[in-house]
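Can you look at this prediction? I've put the sequence above it.
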Amino acid sequence: MKEKIWNFMFISIFFANMAMNMGLQMSNSLLSKYADSLGTPAAQVGLLGSSFAITALLFRFVSGPAMNAWSRKMLLLSAMGLMTIAFLGFSFAPNISATTGIPTITVLIAFRLLQGVGNAFGNSCCMTIVSDVLPKNKFSAGMGYYGCAQVVAQAIGPAVGDALAGKVGYHYVYMIFALIMLISILLASFVRTVAHERIPFNLRLDNMVAKEAITPAAIIFLIAIGYTSIQNFLLLYAQERGISGAGYFFTIYAITAILTRPIVGNITEKLGFAKVGIACAILTAVSLIMIGYADGILVLLIAALINAFGYGALQPMVQSLSLKAVPEERRGSASGTYYIGMDAGTLIGPTIFGAIAGSMGYTSMVWVMMSLPVFASALFILVRRNRIKEIETQFQSKE
């Protein structure tokens, strides 16, 4: 058993994952502006954004069985290849439209769907591969470090992408994103995956969804409902309230999360998931309420700090719990199950928030109501604490 977290294989997949997520974050923040610059109606711009989540969620049910049956490294390289094609498709969408007569928005949506397929496999494969190279006694801490790659991408990706688009234009910026994805493929090629028992590919429910990992998937589902309200509505809410500089919320969150994830991972190794998870869930809910009652930028930044100790620290711990719940040969299914829960919460959360805001307006009570699923996750962890303890005990007892 490897005793070091930062072994060669971990470092390889860490930076491959960072490069992949950098391309995604830079791209996602620009796509709506790109479509708008092409004269796309607002309703179709919304469809362009949501189409990614639809295919990502659907193909989560396929990615688990595929990772159980086939080479996880080859699946990862293939997923990154699909995302490279998607970025090139975005870049040349107007040219493709002019040549084929297909509306540009239709071309963009088609490549956005392809990008969702790549993401469904890419993140799941990275998460499963990294779980194979971590020492058991540092598993949660290692997942905390691993999660920092995505946070770094979230912190600087959107700003860098926007700056590049302003200098070189959308056509060339998406070519740059494709180049970044090719770099991620190069980095991933150095990964040496651990051999695992293969399970023949099939799409039975018990192979698509790991029932042992339903508890962590339910936890992240409830928390994601609340957290995605921040991602989708914070800037609009701050604008309604006349609060300037709200974008710094995400900067403070990212910087703090980079520091908290490894620390909370080490604490989780000592105290167990249940105690740490309940505290993190409550902090996440408190941050949502603080956003609702914020009357200035200072309160928002304090909420960002608290949220980083909440959701920012908790997310990789839930990932870790999902992977601990199953034998190594079924980690593909566990990874897919985790992301099914997360993607479902990501789809449902903004819909609920939008419906409530549509009837009540962007009031403080909307944020209070969105904190309720997060508080429910803390209660759920409390109720399921014996099952969580069982997962952790069985994981440590495995040879």
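Good, I have the coordinates. Residues are numbered from 1 along each chain as shown.

Please identify which helix or strand holds Ile214.
helix 214-241 (DSSP states H and E).

Compute the inter-axis angle for whichever helix or strand comes after that helix and helix 214-241.
Downstream of helix 214-241, the first helix or strand assigned by DSSP H and E is helix 248-271. Helix 248-271 and helix 214-241 are oriented at 160 degrees to each other (axes from the mean of the first three to the mean of the last three CA atoms, to 10 degrees).

List every C-alpha atom in the next helix or strand after helix 248-271, with coordinates, as CSV.
Counting by DSSP H and E, the next helix or strand C-terminal to helix 248-271 is helix 273-292. Provided in CSV are the C-alpha atoms of helix 273-292 (Å, rounded to 0.1, in the frame of the first residue of the first chain):
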residue,chain,number,x,y,z
PHE,A,273,-17.5,11.6,8.4
ALA,A,274,-20.7,12.0,10.4
LYS,A,275,-19.5,14.6,12.9
VAL,A,276,-17.6,16.6,10.3
GLY,A,277,-20.4,16.3,7.7
ILE,A,278,-23.1,17.6,9.9
ALA,A,279,-21.0,20.6,10.9
CYS,A,280,-20.2,21.4,7.2
ALA,A,281,-23.8,21.0,6.1
ILE,A,282,-25.0,23.4,8.8
LEU,A,283,-22.3,25.9,7.8
THR,A,284,-23.4,25.7,4.2
ALA,A,285,-27.0,26.4,5.2
VAL,A,286,-26.0,29.3,7.4
SER,A,287,-24.1,30.8,4.4
LEU,A,288,-27.2,30.7,2.3
ILE,A,289,-29.2,32.5,5.0
MET,A,290,-26.5,35.1,5.3
ILE,A,291,-26.6,35.8,1.5
GLY,A,292,-30.4,36.3,1.8
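
From the contact counts, what lies against helix 273-292?
If you count contacts as 3 or more CB pairs under 8 Å, 6 or more residues apart in numbering; DSSP states H and E, helix 273-292 packs onto helix 214-241, helix 248-271, helix 297-307, helix 313-324, helix 364-383, helix 385-397. Bear in mind the C-beta positions are built from the backbone N, C-alpha and C, glycine included.

what mean pLDDT does it have?
Mean per-residue pLDDT for helix 273-292: 94.

Now do that helix against helix 313-324, angle only.
150 degrees.

chain center to helix 273-292: distance?
Helix 273-292 sits 18 Å away from the centroid of its parent chain (CA atoms, centre = their mean, to the nearest Å).

mind showing which ranges of the stretch 201-350 of the chain have poor pLDDT?
232 (pLDDT under 70).

what about Ala155, how many neighbours?
Counted with other CB atoms under 10 Å, residues neighbouring Ala155 total 20.

Report the separation between it and Ala120.
24 Å (CB to CB, to the nearest Å).

helices or strands next to whichever strand or helix holds Phe90 in the packing?
Using DSSP H and E, Phe90 falls within helix 72-91. Applying 3+ CB pairs under 8 Å, 6+ apart, one finds that helix 72-91 contacts helix 8-37, helix 42-69, helix 104-132, helix 139-188.

hang on, the earlier thing: and the helices and strands packed on helix 273-292, which is most packed in?
helix 313-324 (a mean of 28; mean count of other CB atoms under 10 Å).

Quick one: residues contacting Ser140.
Counting by CB atoms under 8 Å, 6 or more residues apart in numbering, Ser140 makes contact with Gly265, Asn266, Thr268, Glu269, Phe273, Pro316, Met317, Ser320.

Turn these into a markdown table, columns for distance to Thr393.
Below are the contacts of Ser140 laid out as a markdown table (distance: CB to CB, whole Å):
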| residue | distance to Thr393 |
| --- | --- |
| Gly265 | 18 |
| Asn266 | 19 |
| Thr268 | 14 |
| Glu269 | 13 |
| Phe273 | 11 |
| Pro316 | 20 |
| Met317 | 16 |
| Ser320 | 14 |
